[in-house]
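Trainee: based on what follows, work out the 3D shape:
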Amino acid sequence: MLSLFLFQNYRLFQIFKYKIFNRYAAEFKHAYSYINLKQVTVLSTVLLTIAIGVRLTSFFYHDELMSLPMLQQYNILNWVQIIGSIFFLIISSLALNAKSWKTHHRNLLVIGFCLFLLTSSFTVSYLFSLENPKNTLTIFLTGIVAVCVFFALELAEITIISAYIILLFVAAMIIPEISGQQKLLNVIMSGVLAFFLYACSRYSYYFKAEQFVKVKELEEKNKEVVELNQQKGEILGFVAHDLRNPLNNIEALSQIMIEDGKEDAELELILSSARQAKSIINDLIEVIQHDKIPFNTLATDLVVLIQEICANWQANVNPERKINFKASEQKLIASINTSKFTRAIDNLIGNGIKFSNTNTPIEISLIKKENTYELSIADQGIGIPEDLRAMLFDQFSKAGRTGLNGEKSIGLGLHISKNIIEMHGCQLSLESEENKGTIFRISGSLC
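Mentor: Residues are numbered from 1 along each chain as shown. The predicted structure is shown next:
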């Protein structure tokens, strides 16, 4: 228990003399010189409003105020508050926009305002207490709290301001005709208030500085993450491009050999594997280049485009597999990016083929609904479990599964499709039931 008590007191002492890390010290001082200056603008506006309000009140309650003790002093103090508030409001507003002001210039203005605020609040308490300030400290404590809460003051600055409080009390004891004991009590009270101001200000400074350091460290970490992601994307792009060329050669040579009549199971496997690998590489390249390639659209006949996509798939899949397409209209025009939209549809059709048996068809339909269209791609495959649907469209999704023929997935195809569809201002949704199939629906606007 004793060691814990000593440790807590040691930490308290450390906070009293706390200084921000040298690495961020200059940046913190520069940033908070502006923040403190904004607080001067706010507080001087508040003080000016209160002082003017008091001045206006005197017109409505003139007779009542005439009997108030030390009315002349109150009147002078009120004008000092009005003039001082206007001065600091104007100067602080100009300093915020002036490039010629240095950090130490702004800090001097802040210190000046703190001294003005404390002097003003002390004088009010001094007059209310009939020149014995220890009797009524409410207004003065308000000024002290304002300085502690609103400003982040350096160690030297708050030391000067704390010493100024003691000087205020000492100077105030010259005028009143009170006993030496009362004067001593006021001086003791000034020491207590000076310590209170110092301690609270140090706590406020500590927490503001620690928060600033954490934010700066977080910004640096975020910058590192962005740089690492950029480097990762560049490396991945180089690898993908370099791998795609030999895979294109393998695919072309395999296709030529098959067309020459050299039917062989191993050759079919080579061709299939090359196409799968190329599809994965194309997905990676799509993700890398997502924000780098301009997205341009053109009025396109969706019926013709989907027919071409289906014909291309039918020519490259097992003859037992049927890719059926039907449209409610002979012509449907929509504004799309043909290459990207084709890629999205290819991914959805490929997903249906991957997770359904060869002897089941892929049904594609295009329907017009007033000024919109609905494109659906349905399969009769294994469906999607309910617990995987929420993460199905995530990048590198954990919902990625091995196809019925062992096709690998890295969880990018559906993510890419959803992004492309949403870039067109359309929506992609799905309906699925395990062992009964899946339907992907695209809803978009017609031209």
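
Trainee: can you get me a residue count around His104?
Mentor: 10 (other Cβ atoms under 10 Å). In short, each C-beta sits where N, CA and C put it, glycine included.

Trainee: try Leu228
Mentor: 10.

Trainee: for it, helix, strand, or coil?
Mentor: What DSSP: H, G, I helix; E, B strand; the rest coil gives for Leu228 is helix.

Trainee: give me the distance between it and Ile281.
Mentor: 22 Å (Cβ to Cβ, to the nearest Å).

Trainee: could you do Ser365 as well?
Mentor: 31 Å.

Trainee: so what's Ile362 up against?
Mentor: With contact taken as Cβ atoms under 8 Å, 6 or more residues apart in numbering, Ile362 is in contact with 313, 321-324, 349, 352-353, 356, 377-379.

Trainee: just checking, which of the residues you listed belong to helices?
Mentor: 313, 349, 352-353 (DSSP state H).

Trainee: so which pair among these is furthest apart in space?
Mentor: Trp313 and Gly352 (10.0 Å; Cβ to Cβ).

Trainee: and which of the contacts of Ile362 is nearest Gln255?
Mentor: Trp313 (15.9 Å).

Trainee: wait, doesn't that closest one sit right on Asn347?
Mentor: No. Using Cβ atoms under 8 Å, Trp313 makes no contact with Asn347, being 11.8 Å away.

Trainee: name the residue in those two with the higher neighbour count.
Mentor: Neighbours per residue (other Cβ under 10 Å) separate Trp313 from Asn347, with Asn347 holding more: 24 against 19.

Trainee: got any ranges where the stretch 101-250 of the chain has weak pLDDT?
Mentor: Within the stretch 101-250 of the chain, the segments meeting pLDDT under 70 span 129-136, 231-245.

Trainee: how about 80 then?
Mentor: 126-138, 175-179, 228-250 (pLDDT under 80).

Trainee: and the helices in it?
Mentor: Ranges of helices within the stretch 101-250 of the chain are 103-128, 138-150, 155-172, 180-259, based on DSSP state H, counting those that start in this stretch.

Trainee: angle of the shortest one against helix 103-128?
Mentor: An angle of 160 degrees separates the directions of helix 138-150 and helix 103-128 when computed by axes from the mean of the first three to the mean of the last three Cα atoms, to 10 degrees.

Trainee: contact partners of helix 138-150?
Mentor: 36, 39, 42-43, 114, 117-118, 120-122, 124-125, 128, 133, 153, 161, 165, 193, 196-197, 200-201, 203-204.

Trainee: buried ones among those?
Mentor: 36, 39, 43, 114, 117-118, 120-122, 124-125, 128, 133, 153, 161, 165, 193, 196-197, 200-201, 204 (16 or more other Cβ atoms under 10 Å).

Trainee: quick one, helices of the stretch 301-447 of the chain?
Mentor: 302-316, 338-354, 386-389, 413-423.

Trainee: and the ones you listed as a markdown table, adding mean pLDDT?
Mentor: Listed next are the helices of the stretch 301-447 of the chain as a markdown table, based on pLDDT from 0 to 100:
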| stretch | mean pLDDT |
| --- | --- |
| helix 302-316 | 92 |
| helix 338-354 | 90 |
| helix 386-389 | 83 |
| helix 413-423 | 88 |
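
Trainee: need the ones you listed in a markdown table (columns: distance to Glu434).
Mentor: Below are the helices of the stretch 301-447 of the chain laid out as a markdown table (distance: least, Cβ to Cβ, whole Å):
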| stretch | distance to Glu434 |
| --- | --- |
| helix 302-316 | 25 |
| helix 338-354 | 15 |
| helix 386-389 | 8 |
| helix 413-423 | 17 |
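
Trainee: pull out the buried positions in the one helix or strand Ile86 maps to.
Mentor: Element membership of Ile86 [criterion: DSSP states H and E] is helix 71-97. Neighbour-count burial for helix 71-97 flags 74, 77-78, 81-82, 84-86, 88-89, 91-93, 95 (criterion: 16+ other Cβ under 10 Å).

Trainee: would CSV of those residues with distance to Thr49 and pLDDT be doable?
Mentor: Shown next, in CSV, are these (distance: Cβ to Cβ, whole Å; pLDDT from 0 to 100):
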residue, distance to Thr49, pLDDT
Tyr74, 18, 80
Leu77, 16, 86
Asn78, 13, 87
Gln81, 11, 91
Ile82, 10, 92
Gly84, 14, 93
Ser85, 9, 93
Ile86, 11, 94
Phe88, 13, 94
Leu89, 11, 93
Ile91, 18, 94
Ser92, 15, 92
Ser93, 16, 92
Ala95, 21, 91
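
Trainee: tabulate the residues you listed (JSON lines), appending distance to Pro385.
Mentor: As requested, the buried residues of helix 71-97 are exported to JSON lines (distance: Cβ to Cβ, whole Å):
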{"residue": "Tyr74", "distance to Pro385": "79"}
{"residue": "Leu77", "distance to Pro385": "77"}
{"residue": "Asn78", "distance to Pro385": "76"}
{"residue": "Gln81", "distance to Pro385": "72"}
{"residue": "Ile82", "distance to Pro385": "73"}
{"residue": "Gly84", "distance to Pro385": "72"}
{"residue": "Ser85", "distance to Pro385": "68"}
{"residue": "Ile86", "distance to Pro385": "71"}
{"residue": "Phe88", "distance to Pro385": "67"}
{"residue": "Leu89", "distance to Pro385": "65"}
{"residue": "Ile91", "distance to Pro385": "68"}
{"residue": "Ser92", "distance to Pro385": "63"}
{"residue": "Ser93", "distance to Pro385": "63"}
{"residue": "Ala95", "distance to Pro385": "64"}
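
Trainee: pull the most distant pair out of those.
Mentor: The widest separation within those (Cβ to Cβ) is 31.0 Å, between Tyr74 and Ala95.

Trainee: tell me the domain ranges of this protein?
Mentor: In the domain annotation for the chain, the residue ranges read 16-224, 296-445 (automatic domain parsing).

Trainee: could you dump the ones you listed to a markdown table with distance to Ser254?
Mentor: Output for these, formatted as a markdown table (distance: least, Cβ to Cβ, whole Å):
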| stretch | distance to Ser254 |
| --- | --- |
| domain 16-224 | 44 |
| domain 296-445 | 13 |
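
Trainee: so for Gln255, which of the ones you listed sits nearest?
Mentor: domain 296-445 (9.9 Å).

Trainee: and that closest one, end to end?
Mentor: The straight-line separation of the ends of domain 296-445 (Cα to Cα, to the nearest Å) is 16 Å.

Trainee: now do stretch 393-402
Mentor: 16 Å.

Trainee: what mean pLDDT does that stretch have?
Mentor: Across stretch 393-402, pLDDT averages out at 70.

Trainee: apart from its chain neighbours, what residue comes closest to Gln314?
Mentor: Closest residue in space to Gln314, ignoring its immediate chain neighbours: Ile323 at 4.7 Å, by Cβ to Cβ, 6 or more residues apart in numbering.

Trainee: the one you found contacts Val317, doesn't it?
Mentor: Yes. Between Ile323 and Val317 there is a contact at 7.1 Å, judged by Cβ under 8 Å.
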